[in-house]
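# Sharing a model that was predicted from the sequence below.
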Amino acid sequence: NEWNDKTAEITGYSREEAIGKPLVTDFIMPQLRKSVQEVMENALRGNETSNYELEFRTKSNEVRYLLVNATTRRDAKSNIVGVVGVAQDVTESYKNDRAVATMANELRQLIDTANAPIFGIDRNGNVNEWNEKTAEITGFSKEEAIGKPVVSTFI
């Protein structure tokens with residue numbers, strides 16, 4: 001069993017606190033236990049998992065996001081003796097991605113609900129944006145307008 005310094009730093013659990021305890025039941029959030037158990041069981045059958053995204057609650061109750069590879073651990077005779085998990089803390093990247101997605105959602109809502117007609121065209125002159133006010137004024141729904149040439153269709 002391994003629990004290195006970086007794992008202790010990320011999780012807040014010392015090696016002494018972790019070694020000998022069941023990983024899934026003691027350290028994995030309840031809603032993820034079944035899928036993490038499946039990843040572990042697959043690795044114990046020789047089927048390794050790469051880039052498994054895992055939400056982990058630390059000892060101080062902070063949520064960390066980890067990208068995990070579960071690799072089969074073998075002895076000198078190639079017998080399966082366990083699983084080695086290698087994780088990368090991607091919490092900051094995850095938070096940044098969520099912030100960008102939230103901002104994009106807010107901008108989408110602003111465009112869709114603006115009290116002014118907003119439409120966009122691509123480099124070929126085809127509609128690629130059409131908000132609710134534009135649909136109200138023109139009588140063409142967003143679905144009817146997207147992809148159509150703006151000049152020959154609407155002007």
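Right, received. Where do you want to start? Numbering: from 1, shown residues only.

# What average pLDDT does the longest helix anywhere in the chain get?
Using DSSP state H to define each element, the chain has its longest helix at helix 91-113. For helix 91-113, the mean per-residue pLDDT is 91.

# which residues touch the very next helix or strand once past it?
Next helix or strand after helix 91-113 toward the C-terminus (DSSP states H and E): strand 119-121. Counting by C-beta atoms under 8 Å, 6 or more residues apart in numbering, strand 119-121 makes contact with 127-131, 134, 145, 150, all of which sit outside it. (Each C-beta comes from the backbone N, C-alpha and C, glycine too.)

# buried sites along the longest helix of the chain?
Residues of helix 91-113 classed as buried under the neighbour-count rule (16 or more other C-beta atoms under 10 Å) are 91, 94, 111.

# Please dump those into CSV; it should also carry distance to residue 122 for every row.
Output for the buried residues of helix 91-113, formatted as CSV (distance: C-beta to C-beta, whole Å):
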residue, distance to residue 122
91, 36
94, 31
111, 16
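
# Show me where this structure dips below the pLDDT cut-off.
Scanning the chain with the threshold set as pLDDT under 70 gives 1.

# Helix or strand: which one has the spatially closest residue to residue 51 that is not a sequence neighbour?
In space, and not counting its chain neighbours, residue 51 is closest to residue 67: 5.7 Å by C-beta to C-beta, 6 or more residues apart in numbering. Using DSSP H and E, the element containing residue 67 is strand 63-74.

# what comes into contact with that strand?
Contacts of strand 63-74 (C-beta under 8 Å, 6+ apart): 10-11, 39-40, 42-44, 46-58, 80-91, 93-94.

# Repeat the analysis, applying 7 Å as the threshold.
Residues outside strand 63-74 that contact it (C-beta atoms under 7 Å, 6 or more residues apart in numbering): 10, 39-40, 43, 46, 48-58, 80-91, 94.

# buried set for the helix or strand harbouring residue 42?
Assigned by DSSP H and E, residue 42 belongs to helix 33-44. By neighbour count on 16+ other C-beta under 10 Å, the buried set for helix 33-44 is 36, 39-40, 43.

# Please apply the same query to stretch 122-137.
126-127, 129-135.

# where does the closest residue to residue 42 other than its chain neighbours fall, phi/psi-wise?
Leaving aside its sequence neighbours, residue 42 sits nearest to residue 49 (C-beta to C-beta, 6+ apart; 6.1 Å). When read as degrees, to the nearest 10, the backbone of residue 49 gives phi -120, psi 130.
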